[in-house]
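Undergrad: here is my input; please provide its structure:
(2 chains)
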Amino acid sequence: MDVDMESQDTRDIASRIVTPGSVITNDTAFMRGHGTFAERTTIYSSVAGAVERINKLVSVRPLKQRYSGEIGDIIVGRITEVASKRWRVDVNSRQDGILLLSSINLPGGIQRRKSESDELQMRTFFAEGDLVFAEVQSYFADGALSLHTRSLQYGKLRNGTFVTVFPQLVPRSRSHFHTLPCGVDIVLGVNGYIWVSKHVPASKVEENSELIYSDKNEFISDDERETIARIANCIHLLNRLYVKITDTSIIFAYEASLTHAVKDLLTREIAIDLAHNVKTRLEQQS
Amino acid sequence: MPRPDRRENDQIRALHSILGLLNRVDGSAQFSAGSTSVYCGVYGPVDVKVYDEKLDRAVIEVKFRPAAGVSGTKDRWVESAVRGTFEREILAQMHPRTLIQINIQAREDDGSADAAAINATTMALVDAGVPLRDMVAAASCAVLADGAAVVDPTLEEAAAAQSVHTFAFAGSDIGRAGSGGASGSTSPVYVDSRGDFSVADYDRCYDLCLRSAQRVLAFMRTAIEGKIAKESQISVV
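TA: Residues are numbered from 1 along each chain as shown, chains lettered A, B, ... in the order given. Take a look at the predicted model:
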């Protein structure tokens, strides 16, 4: 199913859908980008997706692919293993991320020196199964991500629920921590992990640094639980219908969803209806 | 002699596929030809055990489970066939020190399950976004006792056949054959022949399978492109 591209205008290269092994172009003027490979002078696609062209760079954006981290990404991860001086963290990527003991804020002030006793009580900071909100600090030599939580806004996540979405639906933006007007905090990890929780004022954590590593939930009232569930379901439905997940789209979905019961949000008709509603509002806005 | 299900000798069974039906894996597909149906789920690229790790490329692991009972030697054979076929087609050097795990579960085996397994794997890998050199399409063919060659044999036909052949071809080779090249110029990426057969039988099956694989490939492309078109239309960019 080779397509003879030479007869076509080069403008046609972009916004075409290709499958692995399809010829993208025979023109040597182009450079190959992600999702492509070259043999002799021909550029082929290696994934199924839409062709994108930026000047002379041709790449294929796949339908979905595993998250690949970049330095500065804000992510949510789950601790999978406590190792010597480090935690292994599932970050939805091709390799586990690593959080070094030296890259976290120890309770009792930022300036405190690490001691051997800290190494022995690593599980009191993060244990297996805990969720962390962290930033990608650097790469290791083998490509694994090195994370850090050296800011008061990062750290252990509690008081809420966890939602997984396609990583490419969460765009990188200035802020990934949002307090929604409905009194819910959300952490949008660019790796596709999202945390929806009860709003806790930042000053409360600043006052008491022991709270950073607390495993105890605060009291969450029934109304708050319902709002958290509603937001979580809104994110699920946006994910299911491939709508970009940002604070704006979540707020739009939440507002549109108020006429329905939380448990009905994911039924097919309502989900499609709400997603279209969000889509039109987003288009109006831009 | 007419076939039990009244198909023509060069007619494959009705194809059906679903992409991305499993939600815990990175990519998945169901591929059915008639009542033969196979699920495939792909994890990858993921972390690999240090013992298995390869420094310059991804490790490819294949698991095949039969529809019923415990897996045996026959299933190991399908695993090695799928692994051999896709080690050539996956651009493994792009993901060094990782693992690409392919899990295949037969749902119902009514003949030609190995070809269905290869086709399902192609679709699942595409769904997972694993970089591929090319897509692979497979078809099988049986030579019956009366000398007739039939494509996509059912279990019943395969059991009574003199010989059964399965071929898999890369998409670009199929494209070249389709555009009028001599049929001998395409080389299959996988061949499995069982039973007694002559060279003439083999050549006949080769041609039939190549033509069937063409249809399978066109079907898979349509299914994948349809899904992408649908999803890129609905998403807000």
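
Undergrad: B:Ala116: neighbour count?
TA: A total of 32 residues lie near B:Ala116 under the criterion other C-beta atoms under 10 Å in any protein chain shown. For every residue, glycine as well, the C-beta is placed using N, CA and C.

Undergrad: ok, and the closest non-adjacent residue to it?
TA: Of all residues not flanking B:Ala116 in the chain, B:Val38 sits nearest, at 4.5 Å (C-beta to C-beta, 6 or more residues apart in numbering or on different chains).

Undergrad: how far away is B:Ser112 from chain A?
TA: Using C-beta to the nearest C-beta, to the nearest Å, one gets 23 Å for the distance from B:Ser112 to chain A.

Undergrad: from what I can see that residue touches B:Ser37, true?
TA: No: because the distance of 11.2 Å does not satisfy C-beta atoms under 8 Å, B:Ser112 is recorded as not touching B:Ser37.

Undergrad: higher neighbour count, those two?
TA: Applying other C-beta under 10 Å to B:Ser112 and B:Ser37 shows that B:Ser112 carries more neighbours, namely 29 against 21.

Undergrad: okay, the more buried one: pLDDT?
TA: Among the per-residue scores, B:Ser112 holds a pLDDT of 90.

Undergrad: so who does the residue nearest to A:Ser22 when sequence neighbours are not counted touch?
TA: Leaving aside its chain neighbours, A:Ser22 sits nearest to A:Ser45 (4.9 Å; criterion: C-beta to C-beta, 6+ apart). Residues counted as contacts of A:Ser45 (C-beta atoms under 8 Å, 6 or more residues apart in numbering or on different chains) are A:18-22, A:24, A:35-36, A:51, A:60.

Undergrad: give me the buried entries from these.
TA: Among the contacts of A:Ser45, those buried by neighbour count (16 or more other C-beta atoms under 10 Å in any protein chain shown) are A:18-22, A:24, A:35-36, A:51, A:60.

Undergrad: what is the nearest of these to A:Asp90?
TA: Distance ranking of those against A:Asp90, using C-beta to C-beta, places A:Gly35 first at 25.1 Å.

Undergrad: what are the phi and psi values for the closest one?
TA: Here the main-chain torsion angles of A:Gly35 (degrees, to the nearest 10) amount to phi 70, psi 10.

Undergrad: who are the neighbours in contact with it?
TA: When contacts are counted by C-beta under 8 Å, 6+ apart, A:Gly35 touches A:45-47, A:49, A:59-62, B:131.

Undergrad: for it, which non-adjacent residue is closest in space?
TA: Of all residues beyond its chain neighbours, the one nearest A:Gly35 is A:Val60 (3.3 Å), with distances taken as C-beta to C-beta, 6+ apart.

Undergrad: ok but A:Cys251 is inside a helix, no?
TA: Residue A:251: Ile, not Cys. Yes: secondary structure of A:Ile251 (DSSP: H, G, I helix; E, B strand; the rest coil): part of a helix.

Undergrad: pLDDT weak spots in chain A?
TA: Screening chain A residue by residue with the criterion pLDDT under 70, one finds the ranges A:1-15, A:108-113, A:206, A:209.

Undergrad: list, one by one, the residues from it near chain B.
TA: Where chain A comes near chain B, counting by C-beta under 8 Å from any C-beta of the partner chain, the residues are A:1-2, A:17, A:19-21, A:35, A:37, A:44, A:46-50, A:62-66, A:94-96, A:142-143, A:169, A:241-244, A:249, A:275, A:278-279, A:282-283.

Undergrad: which ones among those residues lie within strands?
TA: With strands identified by DSSP state E, the entries of those that belong to them are A:17, A:37, A:44, A:49-50, A:62.

Undergrad: which one of those residues is nearest to chain B?
TA: When these are compared for distance to chain B, the smallest value, 3.9 Å, is given by A:Pro62; criterion: C-beta to the nearest C-beta.

Undergrad: pretty sure the closest one contacts A:Ser46?
TA: No: counting by C-beta under 8 Å, no contact exists between A:Pro62 and A:Ser46, whose distance comes to 9.0 Å.

Undergrad: how about B:Gly44, what does it touch?
TA: B:Gly44 makes contact with A:66, A:94, B:26, B:58, B:95, B:98-101, B:128, B:130 under the criterion C-beta under 8 Å, 6+ apart.

Undergrad: which SS class is it?
TA: Secondary structure of B:Gly44, per three-state DSSP, is strand.

Undergrad: try A:Ala134
TA: Classification of A:Ala134 by three-state DSSP places it in strand.

Undergrad: give me the distance from the lengthiest helix in chain B to the chain's centre.
TA: Selection of the longest helix in chain B by residue count, based on DSSP state H, yields helix B:199-234. Centre-to-centre, helix B:199-234 and its host chain are 10 Å apart (C-alpha atoms, centre = their mean, to the nearest Å).

Undergrad: tell me the mean pLDDT over it?
TA: This predicted structure assigns helix B:199-234 an average pLDDT of 88.

Undergrad: tell me if it is near chain A.
TA: Yes: Helix B:199-234 lies within reach of chain A by C-beta under 8 Å from any C-beta, at B:217-218, B:220-221, B:224-225, B:227-229, B:231-232, B:234.

Undergrad: what ranges do the helices span in the stretch 151-286 of chain A?
TA: According to DSSP state H, counting those that start in this stretch, the stretch 151-286 of chain A carries its helices in the segments A:202-207, A:222-240, A:247-257, A:268-285.

Undergrad: now tabulate these in CSV and tack on distance to B:Tyr202 and mean neighbour count.
TA: Formatted as CSV, these follow (distance: least, C-beta to C-beta, whole Å; neighbours: other C-beta atoms under 10 Å in any protein chain shown):
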stretch, distance to B:Tyr202, mean neighbour count
helix A:202-207, 73, 11
helix A:222-240, 49, 19
helix A:247-257, 58, 20
helix A:268-285, 50, 16
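
Undergrad: I'd like to know which of the ones you listed is closest to A:Val184.
TA: Of all the helices of the stretch 151-286 of chain A, it is helix A:222-240 that lies closest to A:Val184, at 5.3 Å by C-beta to C-beta.

Undergrad: still on that earlier bit, now, of the residues of chain A next to chain B, which are buried?
TA: Buried members of the residues of chain A next to chain B, counted by 16+ other C-beta under 10 Å: A:1-2, A:17, A:19-21, A:35, A:37, A:44, A:46-50, A:62-66, A:94-96, A:169, A:241-244, A:249, A:275, A:278-279, A:282.

Undergrad: do you know how far the residue most central in space within chain A is from A:Glu135?
TA: What sits nearest the mean C-alpha location of chain A, by C-alpha atoms, centre = their mean, is A:Val190, with 2.3 Å. Here A:Val190 is placed at a distance of 10 Å from A:Glu135 (C-beta to C-beta, to the nearest Å).

Undergrad: show me whatever sits in contact with both of the two.
TA: A:73-75.

Undergrad: okay, now the unreliable bits of chain B?
TA: For chain B, the ranges with pLDDT under 70 are B:177-185, B:232-237.

Undergrad: run a quick neighbour tally on the closest residue to A:Gly21 other than its chain neighbours.
TA: Closest residue in space to A:Gly21, ignoring its immediate chain neighbours: B:Asp134 at 3.4 Å, by C-beta to C-beta, 6+ apart. One way to gauge burial is a neighbour count; for B:Asp134, by other C-beta under 10 Å, it gives 23.

Undergrad: pretty sure B:Asp134 contacts B:Ala168?
TA: No: with contact defined as C-beta under 8 Å, B:Asp134 does not count as touching B:Ala168 (11.0 Å).

Undergrad: quick check: beta-bridge partners of B:His165?
TA: Listed by DSSP bridges, the beta-bridge partners for B:His165 are B:Cys141, B:Ser193.

Undergrad: quick one, strands of chain B?
TA: Listed in chain order, the strands of chain B (DSSP E) span residues B:15-19, B:27-33, B:36-46, B:59-65, B:99-108, B:136-143, B:149-151, B:163-170, B:190-195.

Undergrad: done for today, thanks.
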